[in-house]
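[1] Got a sequence here, can you model it:
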Amino acid sequence: MPSRLLSLVVLALAASPLFAAGEFYCCPDAASGRSICGDTLPEQCRGRAYRVIGNSGNVIKEVGPPLSAEQKAEQAAEARRKKQIDDAAREQRYKDQALLDTYAMPQDIDLAQGKAERDVNLAIQDTQARIDEARAKRKKFEAEAEFYKKKPMPADLAKELRTLEHEIKIQQELLEVKKREFDTIKAKYDADRKRYYEVTKRPPTAAPSNGAAAPALRPR
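    Numbering: from 1, shown residues only. Just a heads-up that it's a prediction; the model follows:
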């Protein structure tokens, strides 16, 4: 039905005492092509596209037909994708703020990396000292064990040797873990430098080497 004629129908309905002034719901009749209108959604319009029209005859809102199962699935998938994007953006903003709260200037990243590497170096030195101490003890007990080549070794001596072998193995494994931490530290602070530059647009600084912190620049 032409919009002008539809408006006339709505105006006529609005003037009728059978309808209270307000919104009207209209949809085309599938059989006749004529519009079916009511102050509530007509039964013939349920499950179909319809228009909401004010009592002045103007279209307030157009409602499309119900979504198919496939369309609903696509809509839900799109909503999930949008939520994932929004969540990722919010998480990145949180990380960026934490980065800026941690480093006031690029040189702070160098200082933090230098400290982290020095701490690892100290841990490596401590672990190596434990290994050396255990090896010295083992050497002492091995010398004592030489006397028992042709007779049973005392249980206490055998236990000490086993304990020291286990201790050396554990400390050597720990030493390897500590050595690998240098790669982890470098990767972390390289990533922090890169993101700091992206957020602040400041030029990146060179990473310190061998655990030595880069000197801080004085602000001019």
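[2] what's the burial count for H166?
    11 (other CB atoms under 10 Å). No exception for glycine: its C-beta is placed from N, CA and C like everyone else's.
[3] Distance of it relative to A143?
    20 Å (CB to CB, to the nearest Å).
[4] okay, now the domains of the chain?
    Domain assignment for the chain by automatic domain parsing gives 3-63, 68-102, 104-200.
[5] chain center to the shortest one: distance?
    Right, the one you point to is domain 68-102. Taking CA atoms, centre = their mean, to the nearest Å, one finds the center of domain 68-102 at 9 Å from the center of the full chain.
[6] quick one: the biggest helix by length in the chain to chain centroid distance?
    Identified as the longest helix of the chain according to DSSP state H is helix 155-200. How far helix 155-200 lies from its chain's middle: 27 Å, per CA atoms, centre = their mean.
[7] ok, now stretch 50-67?
    42 Å.
[8] what residue of the chain is the furthest out?
    Within the chain, the residue lying farthest from the chain centre (CA atoms, centre = their mean) is K150, at 65.3 Å.
[9] mind listing what's buried in stretch 111-131?
    L111, A112, Q113, G114, A116, E117, V120, I124, T127, R130, I131 (16 or more other CB atoms under 10 Å).
[10] Tell me if C37 really is in a helix.
    No. Counting by DSSP: H, G, I helix; E, B strand; the rest coil, C37 falls outside a helix, being strand.
[11] ok, back up a step: quick check, nearest of the buried residues of stretch 111-131 to Y94?
    Nearest to Y94 among the buried residues of stretch 111-131 is A112, at 19.5 Å by CB to CB.
[12] Check which helices and strands the strand or helix carrying that closest one is in contact with.
    A112 belongs to helix 106-145 when assigned by DSSP states H and E. Using 3 or more CB pairs under 8 Å, 6 or more residues apart in numbering; DSSP states H and E, the elements in contact with helix 106-145 are helix 155-200.
[13] I'd like to know which elements the helix it packs on is packed against.
    Using 3+ CB pairs under 8 Å, 6+ apart, helix 155-200 sits against helix 69-102, helix 106-145.
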